[in-house]
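[1] This is a predicted model, with the sequence first.
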Amino acid sequence: MNLYERKLDDAPFRKLCGGNNNEDGEGESCVEIAPIPGADDAFALRDSKNPGAGTLRFTGDELRAAGMRTL
């Protein structure tokens, strides 16, 4: 299945934050994540500060292998 063929119009994105985004330790790095409609254990991931910049798509196995907890 090609995850990029799935539409994300109604995907329920939510914000996940963690880790520092600068050397002095202020602020956090955040992303938005949503399950991909119509795909089992697949997720869309985008920049929370610039969601229009594009969306990456991953299987749950790929995200878990990278150490990210999914929804």
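    Happy to help now that I have it.
[2] Where does pLDDT dip in this structure?
    Within the chain, the stretches with pLDDT under 70 are 19-27, 69-71.
[3] hmm, 90 instead?
    1, 16-30, 49, 66-71 (pLDDT under 90).
[4] Quick check, central residue of it?
    residue 45 (2.2 Å; Cα atoms, centre = their mean).
[5] phi, psi of it?
    When read as degrees, to the nearest 10, the backbone of residue 45 gives phi -130, psi 130.
[6] what's the answer for residue 15, then?
    Here residue 15 shows phi and psi, under degrees, to the nearest 10, equal to phi -90, psi 130.
[7] burial count for it?
    By other Cβ atoms under 10 Å, the residues close to residue 15 number 9. No exception for glycine: its C-beta is placed from N, CA and C like everyone else's.
[8] what does residue 36 give?
    Applying other Cβ under 10 Å, I find that residue 36 has 21 neighbouring residues.
[9] if I look at it, how far off is residue 61?
    Using Cβ to Cβ, to the nearest Å, one gets 14 Å for the distance from residue 36 to residue 61.
[10] mind listing the strands in this protein by residue range?
    14-18, 29-35, 42-47, 55-59 (DSSP state E).
[11] okay if I get these as CSV plus distance to residue 1?
    Converted to CSV, those look like this (distance: least, Cβ to Cβ, whole Å):
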stretch, distance to residue 1
strand 14-18, 23
strand 29-35, 14
strand 42-47, 8
strand 55-59, 9
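[12] what about those strands, which gets the closest to residue 3?
    For residue 3, the closest of these is strand 55-59, at 3.9 Å, according to Cβ to Cβ.
[13] Run a quick neighbour tally on the closest residue to residue 47 other than its chain neighbours.
    Of all residues not flanking residue 47 in the chain, residue 53 sits nearest, at 5.5 Å (Cβ to Cβ, 6 or more residues apart in numbering). Neighbour count of residue 53, defined by other Cβ under 10 Å: 8.
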